[in-house]
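**Student:** this one's structure only:
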Ligand code: CTP
Ligand code: MG
């Protein structure tokens, strides 16, 4: 299982973002502490360099003696520069390494989380939006940890160390050098709020764009078939324009903020230089002190200038963090919990009692459904489109939870089984099967968690009347499906999906319209092969052709979420009802077709 160990982010989800960050950094806090400490040392060495400069100017240069001391001092400068450089390097590189690891963990976690969200959540959310959150937002969080978290430490430490050193030099000058600090802080905090909002709008719109792009690419055939390029392009241009506007708003905030903060810091710097010069001229401070001051004050202003940048960048990181946390906050499907999981597997008897189910409250799609299937029996569901057939079978693997009534498997309510266990016992061929861009072999072997032999794969493909087709491809079973390989026909895809489910060898088999895209001849070949396979397992067949459902032990005819007729083929043919009407309609079409063919 791909759960990242020691990295339960669910615990990091908190309404307080600072608390979330603290929890996210679990396991990395020591490295961060070290990185910050190294940063602090680097700042101290920088300040010492200027103090050494003062000593050099006042005691050596002005004294006018070129003694050995000069060389020692020169060595001192080199040494301090080396120390400062190394500590800065160590600090940066350890922060970057931690941030990369953290981002990797976060990405893994988000991916794993996405895979475990409920059907209902995925039904309702947009793929583009989810992609956005697991890529661009995670990356902004990475930058937060690699750049901004360490920058915050650097700013505070540089400011504090240099301020203390300045106080040591000449305290009134030190105080005069920080008069703009309150203004810069207030300004930064104000812009922080504005930029957060603007960036959030910007990211939201980017998600809209990703979704539009992703949808149109997946649905490119529909767009082309309906000749809707122009409309779709216009729509994209509109969305893109909105993105541009929002980006512009974000930039214009920056372009207002930076000049203001630059001007303030510039005035502070020049004012300090000027004041220092006056003090040096009237002899209050030495020339050495003035030079040291001039060097240090730059490193006092630097944090002030960067405080604004930091706060603005942080707001970006925090918005993205919030977006990622919102995703993590969504409850996962609980796959493991459940008291009943017999090691020998299930027999496959199913009893449904007074079952009612809805996706949206107040609009039940299944109402008062009751029926019973013994292990190994075949049930067929027949009914008009939208009558609830797929919904009913999707309840068995607990893709959704029903609201009223009961479903028992071997006499135990299915909510007692862990979902994971249940899904291993049940094989479902979905109505709209999805294949991965992998080889045909990999697609067929997808559902089996162990190594499978070629024989097993071929046997499954044979049962799905697919083996000969695959063999006719030049690459055989290694043919790539989808984007990088062949495009399979609708019927071929369906048969790969059937083979995939058969290879899983489930106790309960669900075929949701599994042969709707294949011709009658192929269908009967599959039906025959399935007939042998169905013998030992409980099978649900959803189909529109009477021939596919005739063989069932129990046929349920559904209409508007209710069972309106039930029985075997023979029983249903005895009574006047939907079943007999469908039968005679399909029979008539077939005889007409035969007559026509004979006429040719
Ligand atoms: N439905 C829904 N949300 C879903 C799936 C289905 O609201 N995630 C609704 C559909 O709009 C439909 C009803 O549930 O009104 C029954 O859908 P379904 O069970 O899919 O009908 P089927 O009988 O399977 O129809 P078909 O023969 O077309 O597959
Ligand atoms: Mg359906």
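**Tutor:** It's in. Nothing here was measured: the structure is a model prediction, and the numbers come from that model. Ligands and ions are numbered 1, 2, ... in the order given.
**Student:** what's stretch 564-583 in contact with?
**Tutor:** 371, 382, 546, 549-559 (CB atoms under 8 Å, 6 or more residues apart in numbering). Just so you know, the C-beta spots here come from the backbone N, C-alpha and C atoms, and that holds for glycine as well.
**Student:** For ligand 1, what's its nearest residue on the stretch 401-550 of the chain.
**Tutor:** Closest to ligand 1 within the stretch 401-550 of the chain is residue 431: 5.5 Å, counting by CB to the nearest ligand atom.
**Student:** what's the neighbour count on that residue?
**Tutor:** Other residues near residue 431 number 17, with proximity taken as other CB atoms under 10 Å.
**Student:** that older thread, which of the contacts of stretch 564-583 lies closest to residue 414?
**Tutor:** Using CB to CB, residue 371 comes nearest to residue 414 of those, at 14.8 Å.
**Student:** Now do the residue nearest the centre of the chain, the pLDDT please.
**Tutor:** Taking CA atoms, centre = their mean, the centroid of the chain lies closest to residue 134, which sits 3.7 Å from it. In this prediction, residue 134 carries a pLDDT score of 88.
**Student:** same check, this time on the one 5 residues further on
**Tutor:** As predicted, residue 139 sits at a pLDDT of 90.
**Student:** residues in contact with the residue in the chain that ligand 2 sits nearest to?
**Tutor:** Using CB to the ion, the point where the chain gets nearest to ligand 2 is residue 390, with a distance of 3.1 Å. If a contact means CB under 8 Å, 6+ apart, then residue 390 has 431, 512, 542 as its contacts.
**Student:** Among those, name the ones in strands.
**Tutor:** The strands, defined by DSSP state E, take in 512, 542 from these.
**Student:** out of the contacts of residue 390, which touch ligand 2?
**Tutor:** residue 431 (CB under 5 Å from the ion).
**Student:** Quick one: the contacts of residue 390 as CSV, columns for pLDDT too.
**Tutor:** Putting the contacts of residue 390 into CSV (pLDDT from 0 to 100) gives the following:
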residue, pLDDT
431, 84
512, 90
542, 93
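**Student:** could you dump the contacts of residue 390 to TSV with distance to residue 92?
**Tutor:** Rendered in TSV, the data for the contacts of residue 390 read as follows (distance: CB to CB, whole Å):
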residue	distance to residue 92
431	54
512	56
542	61
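**Student:** secondary structure element for the residue of the chain closest to ligand 2?
**Tutor:** Assigned by DSSP states H and E, residue 390 belongs to helix 389-395.
**Student:** Quick check: buried residues in that helix?
**Tutor:** For helix 389-395, burial by neighbour count (16 or more other CB atoms under 10 Å) applies to 389-395.
**Student:** so can I have JSON lines of these showing pLDDT?
**Tutor:** Listed next are these as JSON lines, based on pLDDT from 0 to 100:
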{"residue": "389", "pLDDT": "94"}
{"residue": "390", "pLDDT": "94"}
{"residue": "391", "pLDDT": "95"}
{"residue": "392", "pLDDT": "96"}
{"residue": "393", "pLDDT": "95"}
{"residue": "394", "pLDDT": "94"}
{"residue": "395", "pLDDT": "95"}
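**Student:** which among the residues you listed gets closest to residue 167?
**Tutor:** After measuring those against residue 167 - CB to CB - the closest member comes out as residue 394, at 71.5 Å.
**Student:** Let's verify the closest residue to the closest one other than its chain neighbours: helix, strand, or coil?
**Tutor:** Excluding the flanking residues, the one nearest residue 394 by CB to CB, 6 or more residues apart in numbering is residue 400, at 6.0 Å. Following DSSP: H, G, I helix; E, B strand; the rest coil, residue 400 is assigned to coil.
**Student:** what's stretch 234-243 in contact with?
**Tutor:** With contacts defined as CB under 8 Å, 6+ apart, stretch 234-243 is touched by 202, 205-206, 208-209, 212-213, 216.
**Student:** out of those, who has the most neighbours?
**Tutor:** Among the contacts of stretch 234-243, residue 202 has the most neighbours (other CB under 10 Å), with 22 neighbours.
**Student:** and the gap between that residue and residue 73?
**Tutor:** From residue 202 across to residue 73, the span is 53 Å (CB to CB, to the nearest Å).
**Student:** same deal with residue 456?
**Tutor:** For residue 456, the distance to residue 73 equals 80 Å [CB to CB].
**Student:** Show me which residues of this protein are close to ligand 2?
**Tutor:** Residues of the chain lying close to ligand 2 by CB under 5 Å from the ion are 390, 431.
**Student:** where does the chain have low pLDDT?
**Tutor:** Along the chain, the parts satisfying pLDDT under 70 run over 1-15, 63-66, 483-485, 600.
**Student:** Would you verify that residue 548 is located in a strand?
**Tutor:** No - counting by three-state DSSP, residue 548 is not found in a strand; it is helix.
**Student:** and it, what does it touch?
**Tutor:** By CB under 8 Å, 6+ apart, residue 548 lies in contact with 380, 515, 523, 527, 541.
**Student:** Which two among the residues you listed are spaced furthest apart?
**Tutor:** Farthest pair in the contacts of residue 548, by CB to CB: 380 and 523, 14.1 Å.
**Student:** Looking at those two now, which is surrounded by more residues?
**Tutor:** Legend: neighbour count by other CB under 10 Å for residue 380 and residue 523, higher for residue 380 (24 against 21).
**Student:** Shouldn't the more buried one be within a strand?
**Tutor:** Yes - Residue 380 forms part of a strand when assessed by three-state DSSP.
**Student:** can I assume it is in contact with residue 549?
**Tutor:** Yes - using CB atoms under 8 Å, residue 380 and residue 549 qualify as a contacting pair, with a distance of 3.5 Å.
**Student:** thinking again about what came up before, next, format the buried residues of helix 389-395 as JSON lines and append distance to residue 580.
**Tutor:** Listed next are the buried residues of helix 389-395 as JSON lines, based on distance: CB to CB, whole Å:
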{"residue": "389", "distance to residue 580": "19"}
{"residue": "390", "distance to residue 580": "24"}
{"residue": "391", "distance to residue 580": "26"}
{"residue": "392", "distance to residue 580": "23"}
{"residue": "393", "distance to residue 580": "25"}
{"residue": "394", "distance to residue 580": "29"}
{"residue": "395", "distance to residue 580": "29"}
